[in-house]
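Asker: sequence and predicted model, in that order:
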Amino acid sequence: MRIIAGKYRGHQLVAFKADHIRPTTDRVKETLFNKLQFQIEGAKVADLFCGTGNLGIEALSREASFCTFVEKNPKSLAIARQNFEKLKVPASNYKVISMDVLAFLKSYTGEPFDIIFADPPFTEKMAHSVVEAASSSAAFGAATVMAIESQAKERMEDRYGPLIRFSKKDYGDKILSMFCHESAIEKDSAEEEQADE
């Protein structure tokens, strides 16, 4: 795993060595960050199931202002901290929360995030539950964008309450889905109508 762009570009990250761990590949990561290229700078980001910190560190490398890393596996968090130290990521730019992701979303009371990354373990088929929890969480606001990976065979809806899937990319054994709040789509539609007048 490496950082693709930004101030930490080219740095290799310490990885978790386990057969059941499937970190986001460089190919998927590049596609994802290309889609978000105009939203990253200054963004408040959450990296759920952060593992070794791959996506959140990439966001910080591209000038996201702050990242909250959420992970319940202590071994993964230990490696994430190694990566923060290796890259000398300022402690003022991130927070680490050792907690179950669904519990985090249900109990969150802070300001909404601008961008939420979620890469749940494939073995648990949790993507559906994560988006469902996000749909009623204070973590997801009217302007939030969520990117989540899921198994290709896992059931995912195009809509969860006010959250609408606006992008879906197939990578064979995995799907990268992006969700936003319905009000963001309504706003874009209204702006397009005004531009056409």
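Answerer: Structure's in. What do you need? Keep in mind that this is a model prediction, so the values were computed, not measured. Numbering: from 1, shown residues only.
Asker: pretty sure residue 41 sits against residue 59.
Answerer: No. Assessed by CB atoms under 8 Å, residue 41 is found out of contact with residue 59, at 9.8 Å. Where you see a C-beta, it was placed from the backbone N, CA and C, and this is true even at glycine.
Asker: comparing those two, which shows the higher neighbour count?
Answerer: More crowded of residue 41 and residue 59, by other CB atoms under 10 Å: residue 59, with 29 against 12.
Asker: isn't there a strand covering the more buried one?
Answerer: No. Counting by DSSP: H, G, I helix; E, B strand; the rest coil, one finds residue 59 to be helix, located in no strand.
Asker: give the contact list for it.
Answerer: 33, 40, 43, 45, 47, 67, 115, 117 (CB atoms under 8 Å, 6 or more residues apart in numbering).
Asker: what pLDDT does the model give the fifth one?
Answerer: What that stands for is residue 47. Residue 47 is assigned 98 on the pLDDT scale.
Asker: pLDDT-wise, which helix or strand of the protein ranks last?
Answerer: Among the helices and strands of the chain, helix 182-196 carries the lowest confidence by mean pLDDT, DSSP states H and E, at a mean of 61.
Asker: got the contact list for residue 37?
Answerer: residue 62.
Asker: does anything pack onto the strand ranked longest in the chain? Which helices or strands?
Answerer: Of all segments of type strand in the chain, defined using DSSP state E, the longest is strand 140-151. Here strand 140-151 touches helix 26-35, strand 113-118, helix 127-134, strand 174-181, helix 182-196, going by 3 or more CB pairs under 8 Å, 6 or more residues apart in numbering; DSSP states H and E.
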